[in-house]
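>>> Let me see the structure of the following:
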Amino acid sequence: MDDHELQTQTQKQQSQTLQLPLAAAGRRDMARIAILLAAAAVLCLMSSYHSSLPFQSLQVLNFSAIGPPDTHEGRELERILRDASTENKTVIITTLNKAWAEPNSMFDLFLESFRVGQGTHHLLRHVVVVCLDATAFSRCSEVHDRRRCYFLRTTGTDFSGEKLFMSQDYLRMMWRRIDFLASVLQLGYNFLFTDADIVWLRDPFTRLDANADFQIASDFFNGDSNSVRNAVNGGFTFVRANNRTIEFYKFWYSSRQMFPGKHDQDVFNKIKLGPYIEKIGIKMRFLDTVYFGGFCQPSRDMNRVCTMHANCCIGQANKVKDLRQVLEDWRVYLSGHRREMRWRSPENCRRSMKK
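Sure, this is the predicted structure:
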């Protein structure tokens, strides 16, 4: 008998030996073995997942913000987006709740900035305000074009009050926003999302990368717009509607399950380093604070600044005071005092971060 025949016979004997105990076992034993094998497989997968974070294996969930496009909510949103969009299907989106809609408060400053900014007034016709409660919708309808106000109804959560950073309602509101923005992409619209605590001083579209899929502001910019090591801020993002960005938003929203208790920005910082981003092929850019500044890292050049964000700040009252000061400084700058003009320090916000 040659070596090949000997090896074949040995394998048959081993197979028969393995089959004997299984054949002898009853159905109950077979079920126990199956359960044990399945449990072992799950444990192995979980161990592998947590050690290497293979994000591409995370289940992607369906969105629930507006439902299918043929629902009443879907048709209403699509109508508003269509009426507000530019020729290339781009809209500006912000969110609003009762707390920020109070007269002489955040929303009024936001709208005022478009009116006093350079080349920004015409952009108001493209601003869609996503209202999170009935009071916000009523206020939006009074001071903005009612046709640009969309009431995003949510069951089980009250979004009307001021939401403190990292509170449970704050987290729900942030993830609701990601869910909604994903729906906008699925409807085929590009969007520039802006928090309402951002004042617009110049047209920001002139400073965006025409070749990027996803562009996001930075709390602190490291000098490299391609670097994923920039400290991002999700309060200002420009996203083009395509298969890559739709898949990314699905992935981003689903990833919250892996990081419970984290808001969208923290989860973004986790997944931006993962292999799935490369697999999607999405082109990301991180915005320079020279043009897109904030209280974390203010733009020092008033000749180039486009937006200023009340980031690195806790409390609506502090944000309102220091943003009002920004607009005051901006008016002085526009009056002709351009060479010597500098932003005053946002002291209310700085004190709020030290408490």
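>>> before we move on, what SS does residue 279 have?
With DSSP: H, G, I helix; E, B strand; the rest coil as the basis, residue 279 sits in helix.
>>> That one - how many residues pack around it?
Using other Cβ atoms under 10 Å, residue 279 has 12 neighbouring residues. Just so you know, the C-beta spots here come from the backbone N, C-alpha and C atoms, and that holds for glycine as well.
>>> just the one 4 residues further on next, same as before
Residue crowding around residue 283 was assessed by other Cβ under 10 Å; the count is 15.
>>> now swap in residue 86 and tell me
Neighbours around residue 86, by other Cβ under 10 Å: 14.
>>> For the nearest residue to it once chain neighbours are set aside, give me its contacts.
In space, not counting the residues next to it along the chain, residue 86 is nearest to residue 126; the distance is 6.0 Å by Cβ to Cβ, 6 or more residues apart in numbering. Listed by Cβ atoms under 8 Å, 6 or more residues apart in numbering, the contact set of residue 126 reads 84-86, 90-92.
>>> now with 7 Å?
Going by Cβ atoms under 7 Å, 6 or more residues apart in numbering, residue 126 touches 84-86, 91-92.
>>> hmm, which of these are the buried ones?
Using 16 or more other Cβ atoms under 10 Å as the burial test, the contacts of residue 126 include 84-85, 91-92 as buried.
>>> Show me which pair in those residues is furthest apart.
In those, the most distant members under the criterion Cβ to Cβ are 85 and 92, with 9.6 Å between them.
>>> thinking again about what came up before, how about the buried ones among the contacts of residue 126 in TSV, adding distance to residue 328?
Below are these laid out as TSV (distance: Cβ to Cβ, whole Å):
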residue	distance to residue 328
84	30
85	33
91	30
92	24
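>>> Tell me the one of these nearest residue 104?
residue 92 (22.7 Å).
>>> Name the SS class of that closest one, please.
Under three-state DSSP, residue 92 falls in the strand class.
>>> likewise residue 276?
helix.
>>> Would you mind giving the contacts of residue 126 as JSON lines with distance to residue 174 and pLDDT added?
Shown next, in JSON lines, are the contacts of residue 126 (distance: Cβ to Cβ, whole Å; pLDDT from 0 to 100):
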{"residue": "84", "distance to residue 174": "23", "pLDDT": "98"}
{"residue": "85", "distance to residue 174": "25", "pLDDT": "98"}
{"residue": "86", "distance to residue 174": "27", "pLDDT": "97"}
{"residue": "91", "distance to residue 174": "20", "pLDDT": "98"}
{"residue": "92", "distance to residue 174": "19", "pLDDT": "98"}
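>>> so which of these comes closest to residue 282?
residue 91 (20.2 Å).
>>> Which strand or helix spans residue 229?
For residue 229, there is no helix or strand it lies in under DSSP states H and E.
>>> repeat for the one 4 residues further on
Assessed by DSSP H and E, residue 233 sits inside strand 231-239.
>>> tell me which residues of the helix or strand following that strand are tucked away?
Counting by DSSP H and E, the next helix or strand C-terminal to strand 231-239 is helix 243-254. Using 16+ other Cβ under 10 Å as the test for burial, helix 243-254 gives 244-254.
>>> Tabulate these in JSON lines, adding columns for distance to residue 238.
JSON lines is the format used below for those (distance: Cβ to Cβ, whole Å):
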{"residue": "244", "distance to residue 238": "14"}
{"residue": "245", "distance to residue 238": "10"}
{"residue": "246", "distance to residue 238": "15"}
{"residue": "247", "distance to residue 238": "18"}
{"residue": "248", "distance to residue 238": "14"}
{"residue": "249", "distance to residue 238": "13"}
{"residue": "250", "distance to residue 238": "19"}
{"residue": "251", "distance to residue 238": "19"}
{"residue": "252", "distance to residue 238": "15"}
{"residue": "253", "distance to residue 238": "18"}
{"residue": "254", "distance to residue 238": "22"}
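>>> Out of those residues, the closest to residue 276 would be?
residue 251 (6.1 Å).
>>> Could you report the distance from the closest one to residue 220?
Noted for residue 251: a distance of 25 Å to residue 220, by Cβ to Cβ, to the nearest Å.
>>> And the pLDDT for residue 41?
Residue 41 is assigned a predicted lDDT (pLDDT) of 42.
>>> Pull the contacting residues for residue 131.
So residue 131 contacts 96, 137, 140, 149-152 (Cβ under 7 Å, 6+ apart).
>>> repeat that for 6 Å
For residue 131, the contact set (Cβ atoms under 6 Å, 6 or more residues apart in numbering) comprises 96, 137, 140, 149, 151.
>>> The first one reaches residue 136, doesn't it?
Meaning residue 96. Yes - in this structure, residue 96 is within contact of residue 136 by Cβ atoms under 6 Å, at 4.5 Å.
>>> Strands of this protein, start to end?
Taking DSSP state E as the criterion, the chain contains strands spanning 90-96, 127-131, 149-151, 190-194, 198-200, 214-220, 231-239, 284-286, 292-294, 307-309.
>>> Out of these, the one nearest residue 265 is which?
Among the strands of the chain, if distance is taken as Cβ to Cβ, the winner is strand 231-239, at 4.7 Å.
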